[in-house]
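Novice: Let me see the structure of the following:
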Amino acid sequence: MNRPLDRPLCFVLMPFGRKPTLGGAVIDFDAVYSELIAPAVIQSGLEPIRADEELAGGIIHKPMFERLILCDFAVADLTTANANVFYELGVRHAVKSASTELIVAEGAGPLPFDVGPLRGMPYKLGADGKPSNAAEASAALARRLQAARQQTPDSPVFQLVDGFPDIQHLKTDVFRERVDYSKRLKDRLAIARQKGCNELRAIEAELSAGTGSLADVEAGVVIDLFLSYRAVKAWDEMIAMVGKMSAPLAATVLVQEQLGLALNRAGSDTEAEAVLKALIAQRGPSSETCGILGRVYKDRWERAVKDGEPMLASGLLVKAINAYLKGFESDWRDAYPGINAVTLMELKDPPDPRRKALLPVVAYAVQRRIATGKPDYWDYATLLEIALLQQDESGADEALQSALAEVRESWEPETTLRNVRLILDAQRRRSEAPAWSSAIEGELARIAGAGHA
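Specialist: Numbers count the residues shown, from 1 in each chain. Next up, the predicted model:
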């Protein structure tokens with residue numbers, strides 16, 4: 001059962017068991033975790049995940065890196081200057097600008113020079129090596145973790161190097177292109193997408209090796225398989241995969257957004273709405289999350305129209321417009337929610353006057369993206385819808401040609417055809433549809449029907 005994301009994950013970096021300090025005392029780190037750190041994490045509304053003690057051959061394994069990169073929050077205990085903890089902290093500071101809290105036991109010896117200036121929270125130790133002020137220190141750590149939700153940069157790398165890349169800004173469709181993993185598996189998944197869902201199921205069964213779990217499979221492989229199921233519209237398989245992933249990977253914005261999309265396509269729109277609204281409540285609005293939520297309301301609107309419920313349909317149309325608009329306003333560089341907002345504004349009776357001011361902004365956003373030299377199918381599909389709204393025949397022809405040359409997955413032209421028909425149906429009701437628009441619609445229908453990928 002996939003539920004809305006309840007608690008962001010907090011990765012705990014620390015030694016295990018009883019370890020000596022530089023001064024000769026012994027610290028019970030398991031007690032530090034259970035009496036101080038874990039209660040603080042839970043009190044602050046987070047879910048603790050402790051670093052895996054097992055290091056294959058002394059090497060920090062790939063799941064460890066994935067947790068360091070993907071977990072929203074982290075706590076690092078720097079007491080005893082443990083080499084593994086410091087290495088993990090360095091990786092964390094390199095990929096996460098904020099939300100990493102440091103703690104250290106008082107009197108356990110000086111910290112190395114490079115981390116000495118960092119603002120760590122001290123706690124006291126008793127003669128038994130356990131925290132002597134556990135309740136007080138735990139409450140203080142909880143307050144720091146709650147404050148960390150403001151995402152104030154605490155990584156010295158991000159504080160000192162302007163414009164350092166942030167992995168959280170990776171988009172869904174480029175994630176699998178940037179995460180390095182076996183070329184053999186990448187090629188197999190590409191071929192399997194062409195053959196269909198059964199081929200993808202066979203690869204999943206091989207990866208899970210009979211355990212039914214994908215928790216220890218590389219994140220790049222899991223995400224590629226996840227999105228490959230999306231490419232063949234295997235919504236139930238996508239939904240089931242989320243429960244098989246490692247907790248940090250399943251909790252990422254990317255996975256939760258695509259879970260919402262899959263739930264909606266599978267007919268579980270109420271659960272999809274709950275997943276997406278929980279994501280917005282935790283992470284704030286984004287163009288992608290709000291865009292998928294807008295699609296949920298858009299689908300409900302279409303069902304209400306089909307069922308002959310005009311009052312309900314009118315209210316749902318407004319909800320869809322507002323969701324898309326919120327997404328575009330959160331990042332106007334992403335034209336996808338913007339064009340959907342404008343399209344739905346065109347469908348209102350009478351049309352929403354705000355569309356006239358919004359349309360040039362959407363057009364500029366997509367034109368700037370194309371100018372970067374890395375346009376994709378959706379950029380040209382957006383230009384096609386803009387041309388239809390502006391009744392620009394040459395612009396529509398050019399955009400359609402460019403879009404069809406960039407088709408990657410069969411559902412892409414299907415989605416565009418759906419939007420084009422909404423625009424043209426509204427224009428036809430007002431006797432405003434140009435004659436040439438039927439040819440555009442027909443060509444899109446032919447491509448979508450052929451299932452080209």
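Novice: Next, count neighbours for Asp236.
Specialist: Per other C-beta atoms under 10 Å, the neighbour tally for Asp236 reads 14. C-beta: built from backbone N, CA, C; applies to glycine.
Novice: contacting residues around it?
Specialist: Contact analysis of Asp236 by C-beta atoms under 8 Å, 6 or more residues apart in numbering lists Ala266.
Novice: That one: helix or strand, and which one exactly?
Specialist: Per DSSP states H and E: Asp236 is located in helix 235-242.
Novice: so how far is that helix from its chain's centroid?
Specialist: 16 Å (C-alpha atoms, centre = their mean, to the nearest Å).
Novice: What of stretch 363-374?
Specialist: 23 Å.
Novice: Only alpha carbons, please: show it as PDB.
Specialist: Provided in PDB are the C-alpha atoms of stretch 363-374 (Å, rounded to 0.1, in the frame of the first residue of the first chain):
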ATOM      1  CA  ALA A 363       5.800  31.400 -25.100                       C
ATOM      2  CA  TYR A 364       8.900  33.300 -23.900                       C
ATOM      3  CA  ALA A 365       9.700  30.500 -21.400                       C
ATOM      4  CA  VAL A 366       9.700  27.800 -24.000                       C
ATOM      5  CA  GLN A 367      11.600  29.900 -26.500                       C
ATOM      6  CA  ARG A 368      14.300  30.500 -24.000                       C
ATOM      7  CA  ARG A 369      14.600  26.700 -23.200                       C
ATOM      8  CA  ILE A 370      14.800  25.900 -26.900                       C
ATOM      9  CA  ALA A 371      17.500  28.600 -27.300                       C
ATOM     10  CA  THR A 372      19.700  26.700 -24.800                       C
ATOM     11  CA  GLY A 373      20.200  24.100 -27.400                       C
ATOM     12  CA  LYS A 374      18.600  21.200 -25.500                       C
END
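Novice: Can you tell me what sits against it?
Specialist: Trp332, Arg333, Asp334, Ala335, Gly338, Ile339, Pro375, Asp379, Tyr380, Thr382, Leu383, Ile386.
Novice: can you list those in a markdown table and add secondary structure, neighbour count and distance to Val242?
Specialist: Shown next, in a markdown table, are the contacts of stretch 363-374 (DSSP: H, G, I helix; E, B strand; the rest coil; neighbours: other C-beta atoms under 10 Å; distance: C-beta to C-beta, whole Å):
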| residue | secondary structure | neighbour count | distance to Val242 |
| --- | --- | --- | --- |
| Trp332 | coil | 17 | 30 |
| Arg333 | coil | 12 | 28 |
| Asp334 | coil | 21 | 24 |
| Ala335 | helix | 29 | 28 |
| Gly338 | helix | 29 | 29 |
| Ile339 | helix | 27 | 28 |
| Pro375 | coil | 18 | 30 |
| Asp379 | helix | 21 | 29 |
| Tyr380 | helix | 22 | 31 |
| Thr382 | helix | 28 | 29 |
| Leu383 | helix | 26 | 34 |
| Ile386 | helix | 24 | 35 |
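Novice: What is the nearest of those to Ala433?
Specialist: Comparing the contacts of stretch 363-374 against Ala433 with C-beta to C-beta places Ile386 closest, at 15.7 Å.
Novice: Leaving out the residues flanking it, which one is nearest to the closest one?
Specialist: Distances taken as C-beta to C-beta, 6 or more residues apart in numbering put Ala363 closest to Ile386, at 5.3 Å, once the chain neighbours are dropped.
Novice: before we move on, the earlier item: helix or strand next in line after the helix holding Asp236, which one?
Specialist: helix 247-250.
Novice: coming back round to it: buried ones in the helix holding Asp236?
Specialist: Going by neighbour count (16 or more other C-beta atoms under 10 Å), the buried part of helix 235-242 is Trp235, Glu237, Met238, Ile239, Met241, Val242.
Novice: residues touching the fifth one, list them.
Specialist: Looking back up the chat, that one is Met241. Glu204, Leu214, Val222, Leu225, Phe226, Tyr229.
Novice: ok, the residue lying closest to Ala250 once chain neighbours are set aside to Glu409 distance?
Specialist: Of all residues not flanking Ala250 in the chain, Val242 sits nearest, at 5.2 Å (C-beta to C-beta, 6+ apart). From Val242 across to Glu409, the span is 20 Å (C-beta to C-beta, to the nearest Å).
Novice: Cys197 contacts Ala234, doesn't it?
Specialist: Yes - between Cys197 and Ala234 a contact is recorded at 4.6 Å, counting by C-beta atoms under 8 Å.
Novice: Mind checking which of the two has more residues around it?
Specialist: Neighbour count, other C-beta under 10 Å: between Cys197 and Ala234, Ala234 has more, with 21 against 17.
Novice: and the residue lying closest to Lys96 once chain neighbours are set aside, what does it touch?
Specialist: Distance criterion C-beta to C-beta, 6+ apart; nearest residue to Lys96, sequence neighbours excluded, is Ser155 at 6.2 Å. Contacts of Ser155 were listed using C-beta under 8 Å, 6+ apart, and they are Arg92, His93, Ala94, Lys96, Ser97, Ala98, Thr100.
Novice: Ala31 too?
Specialist: Contacts of Ala31 by C-beta under 8 Å, 6+ apart are Gly129, Lys130, Pro131.
Novice: give me that answer again for 7 Å
Specialist: Ala31 is in contact with Lys130, Pro131, counting by C-beta atoms under 7 Å, 6 or more residues apart in numbering.
Novice: name the element it belongs to?
Specialist: Going by DSSP H and E, Ala31 is in helix 29-32.
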